[in-house]
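Visitor: Structural data only, the sequence is not supplied:
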Ligand SMILES: [Zn+2]
């Protein structure tokens, strides 16, 4: 379920998935659930998927990375950056509503 099965680290994520796309697709699901994108700026629930992990809001044109605000925010090259300090525990409480 969204917000429950969030990996504890990117190493965990890499253990689950073989590719960045698969991992990002899963993060999208964790963040937004089955209904998809929700803009953090204007709250619109409609957007375009530019590429795995990156959406553009249809209303305000804001580009939203699925990793923004998560422990993976600083992970620019996921498959090559495995280690890193994780001090963001917001995800532990479940950030996906709905
Ligand atoms: Zn928006």
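Guide: The structure has been received and is ready for your questions. Here the structure is a predicted model, which is why all the values come from computation and not from measurement.

Visitor: Show the pLDDT at the spatially closest residue to residue 60 that is not a sequence neighbour.
Guide: Among residues not flanking residue 60 along the chain, residue 42 sits closest, at 4.7 Å (Cβ to Cβ, 6 or more residues apart in numbering). Any C-beta I mention is one placed from the backbone N, CA and C, and that applies to glycine too. For residue 42, the model assigns a pLDDT of 95.

Visitor: ok, so what distance separates residue 42 from residue 32?
Guide: The gap separating residue 42 from residue 32 is 15 Å, by Cβ to Cβ, to the nearest Å.

Visitor: Strands along the chain, start to end?
Guide: With strands called from DSSP state E, the chain shows them at 47-51, 54-57, 63-65.

Visitor: Now do the contacts for the residue nearest to residue 60.
Guide: Shown in contact with residue 42 (Cβ atoms under 8 Å, 6 or more residues apart in numbering): 57, 59-60, 62.

Visitor: again, only using 10 Å
Guide: The neighbours of residue 42, taking Cβ atoms under 10 Å, 6 or more residues apart in numbering as the test, are 57-62.

Visitor: Out of the residues you listed, who's the most crowded?
Guide: residue 57 (21 neighbours; other Cβ atoms under 10 Å).

Visitor: Could you check what's spatially nearest to that one, not counting adjacent residues?
Guide: Residue 57's closest residue in space is residue 39 (Cβ to Cβ, 6+ apart), at 4.0 Å.

Visitor: Number of residues surrounding residue 38?
Guide: 20.

Visitor: Next, the nearest residue to it once chain neighbours are set aside: phi, psi?
Guide: Excluding the flanking residues, the one nearest residue 38 by Cβ to Cβ, 6+ apart is residue 45, at 5.1 Å. Backbone torsions of residue 45, given as degrees, to the nearest 10, read phi -110, psi 30.

Visitor: Please read off the pLDDT at residue 45 from the model.
Guide: On the pLDDT scale, residue 45 gets 90.

Visitor: just residue 98 next, same as before
Guide: 50.

Visitor: what's the answer for residue 88, then?
Guide: In this model, residue 88 carries a pLDDT of 43.

Visitor: roughly how far apart are the residue nearest to residue 57 and residue 47?
Guide: Taken as Cβ to Cβ, the span from residue 39 to residue 47 is 6 Å.
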